[in-house]
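*Asks:* one predicted model, sequence on top.
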Amino acid sequence: MLAVLFFVIIAVMRVIQSVGGKRASIEVKEMKTFFCYGVYYEALAAVIGLISVAITGFKGLNAPTVICGAVTAVFLMINFYASLNAVKGCKLIVSAMASNGGMLIACFVSSFWFGESIGVLQYIGLVLFLAAAYLLSSVPKAAEVGEKKKISKGTWVLLAVVMLSEGGVEVSQKYFSVRVGGNSAWFSFFMFAVSAAIMAVGLIRETIKGRGLNGCLIAESGAENLAADKKATGGEKARKGGLNKTLYICGALLATAVFVVNLLITELGKTINTVVLFPVSASISICITVLVGWIVYKEKLTAKNIVGVAAGLCAVILLAI
């Protein structure tokens, strides 16, 4: 019964992830903004993690937990960058399917690392999942002006990185759940804290590089730039490397949603097999993402897309059997 409640909460958090993630990708237009948003978003999640640690009484801290959290942080940072940029060049559901594809990596790794078996139906599910990804990548024949007719090679590379990095995150989560088995709050805290630290290094680098290129201009016309900054719109501020109101809101919502999802999946991983845990989580994500993309962002669904959604759901069901 507790597991069912956890999955319901995960479903709610997935809605926030889908809406906030797509909106943030629209607002982030250059690298300095990316790092600035990343520091804000990951640091907030780390603070939430520290609050969770305080609630549990600061117990269960050990070296394996710190190391596992740090390794997961690297995968998480890569996934964050790839996801934020991939969704700019494809539909929300395609990006989500790539992310959900990480469960395939987690399932196969768990089969020989954690002794969890995979049967014939799981292999069929893999093929069906790949077919679903292909069907979901199609676009309407009468595409709207400005809408890309096909996914670019660069976006496909990003989608592959999303899948691999998400697989790394899930394998790390499962390893912590099965082999370490410590306080999940500490694990989550270090995962997001290390990610924030890495993002901070990137932000400092981008800031120094920007000053080196534009230092003379700023020195000569500092008063004019200051006045222009005051008049700049939220989007303009984001392009200059700062965060606008939308990114502040999206970051706060995403930090909460991602932390909760990570914490609950880590806890569920202690008692539920990988071939059940991640496919069920993926099916929730697919349904939520399709609805959000269609209702909120008016993304068109072709007949192939609809068949792809059905194939994706059938794939995760087969993987879970």
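*Replies:* Nice, thanks for sending it over.
*Asks:* now stretch 47-64: buried residues?
*Replies:* Burial within stretch 47-64, assessed by neighbour count using 16 or more other C-beta atoms under 10 Å, is assigned to Val47, Ile48, Gly49, Leu50, Ser52, Val53, Gly60. (C-beta placed from N, C-alpha, C; glycine too.)
*Asks:* turn these into a markdown table, including pLDDT, distance to Met163 and secondary structure.
*Replies:* Putting the buried residues of stretch 47-64 into a markdown table (pLDDT from 0 to 100; distance: C-beta to C-beta, whole Å; DSSP: H, G, I helix; E, B strand; the rest coil) gives the following:
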| residue | pLDDT | distance to Met163 | secondary structure |
| --- | --- | --- | --- |
| Val47 | 96 | 29 | helix |
| Ile48 | 95 | 27 | helix |
| Gly49 | 94 | 26 | helix |
| Leu50 | 94 | 31 | helix |
| Ser52 | 93 | 29 | helix |
| Val53 | 93 | 31 | helix |
| Gly60 | 86 | 31 | coil |
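*Asks:* and of the residues you listed, the nearest to Val296?
*Replies:* Of all these, the one sitting nearest Val296 is Ile48; the distance, using C-beta to C-beta, is 24.8 Å.
*Asks:* how near is that closest one to Phe75?
*Replies:* Plainly put, Ile48 is 20 Å away from Phe75 if you go by C-beta to C-beta, to the nearest Å.
*Asks:* now for this structure, the helix or strand with the poorest mean pLDDT.
*Replies:* For the chain, counting by mean pLDDT, DSSP states H and E, helix 222-231 ranks last in confidence among helices and strands (a mean of 40).
*Asks:* toward the C-terminus from the helix or strand Ile124 falls within, list the very next helix or strand.
*Replies:* Mapping Ile124 onto the secondary structure by DSSP states H and E places it in helix 120-136. Moving toward the C-terminus from helix 120-136, the next helix or strand (DSSP H and E) is helix 153-175.
*Asks:* okay, buried residues for that following helix please.
*Replies:* Residues 155-156, 158-159, 161-175 are the ones in helix 153-175 that count as buried (16+ other C-beta under 10 Å).
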